[in-house]
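Chemist: Provided below for reference: sequence and predicted model.
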Amino acid sequence: MQVRIDLHNHSCLSPCADDGMLPSLLALQAMERGIEILALTDHNATENLDAFGEACKLCSIMPVYGIEVTTIEEVHLLVLFEGLKEARAYGSAIQETLPRRLNQAERFGRQIICDVAGTVVNEVDLMLSSASSLSFDEVVVDASKAGALVIPAHIDRPSYSVLANLGFLPDLPYTAVEMVNPTPQAWTVITASDAHFLEEVGIRSCILEMEEIGWEALKRSLGDQKNVRY
Amino acid sequence: MRVEELATVKEFEAIHIADKDRAVSTGYCGDLLSDVMANAPAQSVLMTIQAHKNTIAVASLVGISALVICNGRTVGADMLDAAREEEISIFVTDLNHFEAAAKVMALLERGDAGTH
């Protein structure tokens, strides 16, 4: 079967994303754009994944519980989990490795935690746009050992990308790599919205040939470039 | 000047000297290795905080003579192994890029004065 996937999106928890980017609106918009597997990947944070998971279920979308980690090299890396709990635990562990610098919401943007109805529950104090003390290599190796999907983000962008910051892709066990403009690579190449505003949801997605909609099938399908269309 | 003269800077700690006689004629500061690849001159010393083994590969490609890893960043075993293999010297320092570059510049200028 052909399944439309979009594995890189932000919510109002990311300081750089729009405050109106509620997890539930992200799911609704994705549903309207025909996306059947959707990931939420806030910067160094997973606190909105609960609301996101609930919203996806209401929209009949398969949720992928993710985070966009900023490594010590200032490279953005998507780490995606099957389960909400493991993703939340991973997010907490990542936050332990961020500098103890507080966010200045008026300058960098609010970091809003909300429920599925969009009610503000809390805000994260720690500055989420900081870099973790973990290296790119250790995040890739440890997260893939833990069974996560590991995807270097927007590798063809001039900032916060592995190619800009590290010059070339270290030979590591990536699930795939994300590109804004896909070109052939040694790993499976996907594209994704990286939406920070509601109108950006679904601007980039890809169609995967999968046996069924599910975690193991997603993992298997991403293992081969032949399964991906843009 | 030669790589071994970098060891005379008291704030620089040599963690690997590949070839003490290798020539250094200039320097470059940068943390984006794509930029280093494009713009760093050969025979230079690179001031960077990018303590990753890719930095060694890029140094080798460009012909960089030595690295100064700034701001007290830690050099991992994999990077050190790569440096041994590619014969790139590495110094570490708590100085930032600007301060480290000033030290390197002073050495280069002293070298120039000696040859005139």
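Modeler: That came through fine. Numbers count the residues shown, from 1 in each chain, chains lettered A, B, ... in the order given.
Chemist: quick one: the closest residue to chain A within chain B and residue A:167, what's the gap?
Modeler: Here the residue of chain B nearest chain A is residue B:33; by CB to the nearest CB that distance is 3.4 Å. In this view, the C-beta of every residue, glycine as well, is placed from N, C-alpha and C. Going from residue B:33 to residue A:167 by CB to CB, to the nearest Å gives 3 Å.
Chemist: out of those two, which sits in the busier spot?
Modeler: When residue B:33 and residue A:167 are compared on other CB atoms under 10 Å in any protein chain shown, the one with more neighbours turns out to be residue B:33, at 28 against 23.
Chemist: So which residues of the chain form helices?
Modeler: Reading this off chain A. A:23-32, A:49-58, A:84-96, A:105-108, A:136-145, A:162-166, A:215-222 (DSSP state H).
Chemist: That was the other one, I meant chain B.
Modeler: Taking DSSP H, the helices of chain B run over residues B:3-6, B:33-39, B:53-62, B:77-86, B:97-115.
Chemist: surely residue B:40 meets residue B:28?
Modeler: Yes: the pair residue B:40 and residue B:28 qualifies as a contact (CB atoms under 8 Å) at a distance of 4.0 Å.
Chemist: Could you pull out the residues contacting both of these two?
Modeler: Contact criterion CB atoms under 8 Å, 6 or more residues apart in numbering or on different chains; residues shared by residue B:40 and residue B:28: B:46, B:64.
Chemist: between those two, who's got more neighbours?
Modeler: Using other CB under 10 Å as the criterion, residue B:40 and residue B:28 rank with residue B:40 on top: 23 against 19.
Chemist: what about that one, distance to residue B:95?
Modeler: Applying CB to CB to residue B:40 and residue B:95 gives a distance of 19 Å.
Chemist: repeat for residue A:207
Modeler: 51 Å.
Chemist: More neighbours: which of those two?
Modeler: Using other CB under 10 Å as the criterion, residue A:207 and residue B:95 rank with residue B:95 on top: 19 against 15.
Chemist: Name all residues that make contact with that one.
Modeler: Counting by CB under 8 Å, 6+ apart, the residues that residue B:95 touches are B:11, B:70-71, B:103.
Chemist: ok, is stretch B:77-84 in contact with chain A or not?
Modeler: Yes: residues of stretch B:77-84 contacting chain A under CB under 8 Å from any CB of the partner chain: residue B:78.
Chemist: where does that stretch sit relative to the chain's centre, distance-wise?
Modeler: 14 Å (CA atoms, centre = their mean, to the nearest Å).
Chemist: quick one: contacts of that stretch?
Modeler: A:137, B:15-16, B:18, B:51-53, B:55-57, B:67, B:88-90.
Chemist: Which positions in chain B make contact with chain A?
Modeler: So chain B meets chain A at B:31-37, B:50, B:52-54, B:57-58, B:76, B:78 (CB under 8 Å from any CB).
Chemist: Got a PyMOL select line for the buried ones in the residues you listed?
Modeler: Burial among those is assessed by 16 or more other CB atoms under 10 Å in any protein chain shown; the matching PyMOL selection reads:
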select buried, chain B and resi 31+32+33+34+35+36+37+50+52+53+54+57+58
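Chemist: Could you report the neighbour count for residue B:21?
Modeler: 7.
Chemist: And it, its phi and psi?
Modeler: Main-chain dihedrals, residue B:21, degrees, to the nearest 10: phi -90, psi 0.
Chemist: Looks like it contacts residue B:65 (just checking).
Modeler: No: contact criterion CB under 8 Å: residue B:21 and residue B:65 do not qualify, at 10.3 Å.
Chemist: Quickly list what's touching both of those two.
Modeler: residue B:3.
Chemist: List the contacts of stretch A:18-31.
Modeler: By CB under 8 Å, 6+ apart, the residues outside stretch A:18-31 that reach it are A:6, A:9-12, A:14, A:38, A:40, A:48-49, A:51-52, A:54-56, A:58-61, A:63, A:109-110, A:112, A:114, A:116-118, A:195-198, A:201-202.
Chemist: Put the buried members of the residues you listed into a ChimeraX selection.
Modeler: Selecting only the buried entries of those in ChimeraX, with 16+ other CB under 10 Å as the criterion:
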select /A:6,9,10,11,12,14,38,40,48,49,51,52,54,55,56,59,61,63,109,110,112,114,116,195,196,201,202
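Chemist: What score does the residue most central in space within chain B have for pLDDT?
Modeler: Per CA atoms, centre = their mean, the C-alpha nearest to the average position across chain B is that of residue B:67, at 2.1 Å. As predicted, residue B:67 sits at a pLDDT of 98.
Chemist: burial count for residue A:121?
Modeler: Neighbours of residue A:121 (other CB under 10 Å): 12.
Chemist: what sits against residue B:99?
Modeler: residue B:11.
Chemist: Please tell me how far it sits from residue B:93.
Modeler: 8 Å.
Chemist: any residues in contact with both of those two?
Modeler: Taking CB under 8 Å, 6+ apart as the contact rule, residue B:99 and residue B:93 both touch residue B:11.
Chemist: a markdown table for the contacts of residue B:95, including neighbour count?
Modeler: Conversion of the contacts of residue B:95 to a markdown table gives the following (neighbours: other CB atoms under 10 Å in any protein chain shown):
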| residue | neighbour count |
| --- | --- |
| B:11 | 13 |
| B:70 | 24 |
| B:71 | 15 |
| B:103 | 20 |
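Chemist: from the residues you listed, which two are the most distant?
Modeler: Using CB to CB, the two most remote members of the contacts of residue B:95 are B:71 and B:103, lying 14.3 Å apart.
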